[in-house]
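Peer 1: here is my input; please provide its structure:
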Amino acid sequence: MPNDETGLKVLRLLEANPKASQRDLASEFGFSLGKVNYCIRALVRKGWIKSNRFRNSNKKLSYRYLLTPRGIEQKAALTARFLRTKVREYERLRAEIEQLRREVGRRGDLVRGREH
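Peer 2: As a prediction, this is how the structure comes out:
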């Protein structure tokens, strides 16, 4: 199974554009076509998406990918987990930035001949 972030990216794009090709996904995310194929197959096996073949305007067979009800639930759960992770990362970065600003401020005062 693809990791949570990859799975979420694929689910979000397929929900927005069910006719997106595997090449479209690969291009959008900078993945190899093999990785996209692996992700799609894994999501189909888990029952999160289903694929339907159809003829496109060029008379070639293409696929349409639809999120299943379970896929919609899992997308929501992945989104919530991803959001919690990103908020924690943001809070850590914000604290680190504040610490760096304090250090730069102290050093700037020392260079100018002032001390706290």
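Peer 1: going forward, measure contacts between C-alpha atoms and count neighbours the same way
Peer 2: Will do.
Peer 1: now stretch 89-101 - C-alpha only, PDB.
Peer 2: Extracted in PDB, the C-alpha atoms of stretch 89-101 (Å, rounded to 0.1, in the frame of the first residue of the first chain):
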ATOM      1  CA  GLU A  89       5.200  20.300  11.900                       C
ATOM      2  CA  TYR A  90       4.000  23.900  11.600                       C
ATOM      3  CA  GLU A  91       4.000  24.400  15.400                       C
ATOM      4  CA  ARG A  92       7.600  22.900  15.700                       C
ATOM      5  CA  LEU A  93       8.800  25.100  12.800                       C
ATOM      6  CA  ARG A  94       7.100  28.200  14.400                       C
ATOM      7  CA  ALA A  95       8.900  27.600  17.700                       C
ATOM      8  CA  GLU A  96      12.200  27.000  15.900                       C
ATOM      9  CA  ILE A  97      11.800  30.300  14.000                       C
ATOM     10  CA  GLU A  98      11.000  32.200  17.200                       C
ATOM     11  CA  GLN A  99      14.100  30.700  18.800                       C
ATOM     12  CA  LEU A 100      16.300  31.700  15.800                       C
ATOM     13  CA  ARG A 101      14.900  35.200  15.800                       C
END
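Peer 1: for it, the distance to its chain's centre please.
Peer 2: In terms of C-alpha atoms, centre = their mean, to the nearest Å, the gap separating the centre of stretch 89-101 from the centre of its chain is 23 Å.
Peer 1: tell me the average confidence for that stretch?
Peer 2: Stretch 89-101 shows a mean pLDDT of 95.
Peer 1: hang on, residue 52 in a strand?
Peer 2: Yes: per DSSP: H, G, I helix; E, B strand; the rest coil, residue 52 lies within a strand segment.
Peer 1: which helix or strand contains residue 18?
Peer 2: Using DSSP states H and E, residue 18 falls within no helix or strand.
Peer 1: residues near it, how many?
Peer 2: Residues lying near residue 18 (other C-alpha atoms under 10 Å) number 17.
Peer 1: so who does it touch?
Peer 2: For residue 18, the contacting residues are 64, 65, 66, by C-alpha atoms under 8 Å, 6 or more residues apart in numbering.
Peer 1: what ranges do the strands span in the protein?
Peer 2: 49-55, 61-67 (DSSP state E).
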